[in-house]
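Novice: My questions concern the predicted model and sequence given below.
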Amino acid sequence: MYATLREEILDGVLEPGTQLAEVEQGKRLGVSRTPVREALNRLTSDGLVQALSPRVLVVAELSEARIRTLYELRRVLETSAAALAAERGNAAVFTELRARIEAAPRLLDAGESGIAPYFEVVDALDEAIADGLDNPYLASALASARLHSARIRRLASHDPNRLREAAAEHLLVVDAILARDAQLAAHATHVHLHRSLNSALARSTDRKDTSA
């Protein structure tokens, strides 16, 4: 139940501001109120659901302020993670990933059907960096931040030009890791996050203008 509701929030099936009543969601998903309540409690702890009142829960808004705050956290975590991966990561893993990232833009030529395989490559890079840290505390913090990043990812999913740019940025990160250059890996990650933030904010503004 938790996984189902979480994926619906991350995929935008349940949009920001959607009310999540236990009875309603239970009927929709064919379960009792208890598993729905437990799932909503976990989603609230994750920050994906927020309480408007003691009895009213909604999907958390994806405001400009929240996006900026998340990227502040990602900048701290991911630049450090890239630097550590450059020092400790498995070169063979990143060499294989480099080939996949280099080919990733071609996946976008297939249109919508190429989006999911493209992000599988991005997820593989995230996992390789986390695995290469040899630091479970940092890996756990990264996993939490990336959970929220998945919501922002949807804002870029319909912009193939931005995704192609991001693939080139990921390639720079991998090259720095393979060169065992921690400072360059951190810098390349910083540049990628800066450009991703600008894109996410622009997309967020476009979405508001469209819905207004």
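Specialist: On my side now, so go ahead. Predicted model, so just to flag it, every value in this text is computed and none were measured.

Novice: alpha carbons only for contacts and neighbour counts from here, please
Specialist: OK.

Novice: Which stretches in the protein count as strands?
Specialist: 49-53, 56-59 (DSSP state E).

Novice: and the longest one, how far from the chain's centre?
Specialist: In terms of Cα atoms, centre = their mean, to the nearest Å, the centre of strand 49-53 is set 22 Å apart from its chain centre.

Novice: what comes up buried for that strand?
Specialist: Within strand 49-53, the residues scored as buried using 16 or more other Cα atoms under 10 Å are 49, 50.

Novice: close enough to count as contact, residue 74 and residue 147?
Specialist: No - using Cα atoms under 8 Å, residue 74 is not in contact with residue 147, being 11.2 Å away.

Novice: And these two? Which one has more around it.
Specialist: Using other Cα atoms under 10 Å as the criterion, residue 74 and residue 147 rank with residue 74 on top: 21 against 15.

Novice: And the more buried one, how far from residue 95?
Specialist: 24 Å (Cα to Cα, to the nearest Å).

Novice: ditto for residue 121
Specialist: 13 Å.

Novice: more neighbours, the two?
Specialist: Higher neighbour count among residue 121 and residue 95: residue 121, with 18 against 14, using other Cα under 10 Å.

Novice: Give me the nearest residue to the residue with the largest distance to the centre of the chain, chain neighbours excluded.
Specialist: Centroid-distance maximum for the chain: residue 32 at 30.4 Å, with Cα atoms, centre = their mean. Distances taken as Cα to Cα, 6 or more residues apart in numbering place residue 26 nearest to residue 32, at 5.4 Å, with adjacent residues excluded.

Novice: Report the contact partners of the one you found.
Specialist: When contacts are counted by Cα atoms under 8 Å, 6 or more residues apart in numbering, residue 26 touches 32, 33, 36.

Novice: List the buried residues for stretch 99-116?
Specialist: In stretch 99-116, counting by 16+ other Cα under 10 Å, buried: 100, 101, 104, 105, 107, 108, 115.

Novice: So which bits of stretch 21-36 are buried?
Specialist: Going by 16+ other Cα under 10 Å, stretch 21-36 has these buried residues: 21, 22, 25, 26, 33, 36.

Novice: In helices, which of those fall?
Specialist: 22, 25, 26, 33, 36 (DSSP state H).

Novice: how about a markdown table for those residues, with pLDDT added?
Specialist: Formatted as a markdown table, these follow (pLDDT from 0 to 100):
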| residue | pLDDT |
| --- | --- |
| 22 | 89 |
| 25 | 90 |
| 26 | 89 |
| 33 | 87 |
| 36 | 91 |
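
Novice: For those, name the two members farthest from one another.
Specialist: 25 and 33 (8.1 Å; Cα to Cα).

Novice: from what I can see residue 186 touches residue 80, true?
Specialist: Yes - using Cα under 8 Å, residue 186 is in contact with residue 80, at 6.4 Å.
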